[in-house]
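In: Quick one, structure for this:
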Amino acid sequence: MKIKFTLFLLCIVVLTSLSFKNKVKKSFHNFRSGGAAAAFNIGFTGAPFDNSGSTCSNCHGGGNYNPTISLSLLNSSNVPVTTYTTGMSYTLRIAIVPVSGSPLFGFQTTSVKQSDNSNLNNWGAALPASVRNTLTTGGNARNYIEQSAVLGTGVINIPWTAPAAATGAINFYAVGNAVDGTGDPSGDNVTNPAVLSIAQAVLPITLISFTGTPIKNTVKLNWQTGVELNNAFFVIEHSADGNNFTAIATINSQGITSTGFEYTYTDVNAVTGKNYYRLVQTDLDGTKTFSGIILIKTSEREWAVYPNPVINKITLKGVADLNGSTYKIFTQTGAEVAVGLLRNNEINVHALKTGTYYVRIIEKNTNNNTWKFIKE
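Out: This is a model prediction of the structure:
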């Protein structure tokens, strides 16, 4: 009877021990599948600021997968790049490739400013399935992208947006893990750490100045560049309200110049009053960069269009004699909808649809004057 009781106690001890081991193994598996940043508030990318360059090999090892890892930054055409352009969208591709076997995968990556290793959280919100962005806390706080569960593929594509212009070169650090999925780290293999350095692209032009000068009823625009590299052309855009812009001219560039160039253009169709302008610089590859907006006011004469708003007929008030001068009426988008000759300084607009228009008078002495009116 004593022997049976002893064997019973032994069975309970063995079963309890096995249950405890399984719980520990399951707990470790849950950590490992979810990533170190989320589980332990720590980075293991092999970067110099991550535990003196430590990686997951501190815990994982002994397998026969012998994986390698590579990093590449892809543009919108899925072409690898070595430089980034501020504000453009890219994809960081991580490729973990085992020499043998068919493992599952884990990884961790982060991006930093190269000059001081400061954190750059420019990761996109639409991350792949079972991948998350974790912000660690403490003195070494930074964002890590890692798996939230073991992955079935070793190719991970992560959206990333280029940072502000003053950032300079950046570094991506990453490490990969090929795992057997059993929850026992002794059958896994960790890659060597990888680093990808990306420089900031040199802008095609350096715009030194962009100004405008009113000359009677025209506006003379001037802009000066410093260095020009692969610059195709400039488009000048005009707006009467500062919001809705229309292209009014295209100016070919110098292409490549280290000394810069001074450009000029005269807008002979400037409206009376406020004129807003901006430049759209276009690279040889089609990339566009917008300048700041400038406001130029032309002199307003003691002339007026009345009534305004109008239903049937407008009259030019304060005008000496414009009989015989040509008038043209344009929509806000610049489409010409009417043309004719002035009679008694009056224009019949009854046929126009309800909306905002501009009437331009081309005087006998070739001066152009433009007024805004509203048709009811």
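
In: mind listing the strands for the stretch 151-300 of the chain?
Out: 155-161, 170-179, 189-190, 194-200, 205-215, 218-228, 231-239, 246-252, 261-267, 274-283, 288-290, 294-297 (DSSP state E, counting those that start in this stretch).

In: for the third one, what is the average pLDDT?
Out: Mean pLDDT, computed over strand 189-190, is 94.

In: just checking, what packs against it?
Out: Where contact means 3 or more Cβ pairs under 8 Å, 6 or more residues apart in numbering; DSSP states H and E, strand 189-190 is packed against strand 170-179. (Each C-beta comes from the backbone N, C-alpha and C, glycine too.)

In: Quick one: list the elements packing against the strand it packs on.
Out: For strand 170-179, the elements it packs on are strand 68-74, strand 89-97, strand 104-113, strand 189-190, strand 194-200, judged by 3+ Cβ pairs under 8 Å, 6+ apart.

In: okay if I get the strands of the stretch 151-300 of the chain as CSV plus mean neighbour count and distance to Gly46?
Out: Listed next are the strands of the stretch 151-300 of the chain as CSV, based on neighbours: other Cβ atoms under 10 Å; distance: least, Cβ to Cβ, whole Å:
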stretch, mean neighbour count, distance to Gly46
strand 155-161, 18, 17
strand 170-179, 26, 5
strand 189-190, 24, 9
strand 194-200, 17, 8
strand 205-215, 15, 38
strand 218-228, 19, 38
strand 231-239, 19, 40
strand 246-252, 13, 49
strand 261-267, 15, 47
strand 274-283, 19, 36
strand 288-290, 13, 37
strand 294-297, 15, 50
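
In: residue closest to the middle of the protein?
Out: The C-alpha lying nearest the average C-alpha coordinate of the chain belongs to Gly87 (Cα atoms, centre = their mean; 3.0 Å).

In: Need the three-state assignment for that one.
Out: coil (DSSP: H, G, I helix; E, B strand; the rest coil).

In: What score does it have for pLDDT?
Out: 79.

In: Tell me who's in contact with it.
Out: Applying Cβ atoms under 8 Å, 6 or more residues apart in numbering to Gly87 gives the contacts Thr161, Ala162.

In: Quick check: the gap between it and Ser197.
Out: Separation of Gly87 from Ser197 (Cβ to Cβ, to the nearest Å) stands at 20 Å.

In: same thing with Gly181?
Out: 34 Å.

In: Can you report how many residues lie near the nearest residue to Gly34 once chain neighbours are set aside?
Out: Distance criterion Cβ to Cβ, 6 or more residues apart in numbering; nearest residue to Gly34, sequence neighbours excluded, is Ser148 at 5.7 Å. With neighbours defined by other Cβ atoms under 10 Å, the count for Ser148 comes to 15.

In: tell me the contacts of Ser148?
Out: Listed by Cβ under 8 Å, 6+ apart, the contact partners of Ser148 are Ser33, Gly34, Gly35, Ala38, Ser130, Val131, Arg132.

In: hmm, 6 Å instead?
Out: Ser148 makes contacts with Gly34, Ser130, Arg132, as judged by Cβ atoms under 6 Å, 6 or more residues apart in numbering.

In: Equivalent analysis for Asn308, please.
Out: By Cβ under 6 Å, 6+ apart, the residues touching Asn308 are Phe373.

In: you'd agree it is in a strand?
Out: No: counting by three-state DSSP, one finds Asn308 to be coil, located in no strand.

In: ok, it to Asp184 distance?
Out: From Asn308 across to Asp184, the span is 83 Å (Cβ to Cβ).

In: quick revisit: considering the contacts of Ser148, which is situated nearest to Ser70?
Out: Set against Ser70, the nearest of the contacts of Ser148 by Cβ to Cβ is Ser130 (20.7 Å).

In: Quick check on that closest one: phi, psi?
Out: Backbone geometry at Ser130, expressed as degrees, to the nearest 10, gives phi 60, psi 30.

In: now Ala36
Out: Backbone geometry at Ala36, expressed as degrees, to the nearest 10, gives phi -70, psi -30.
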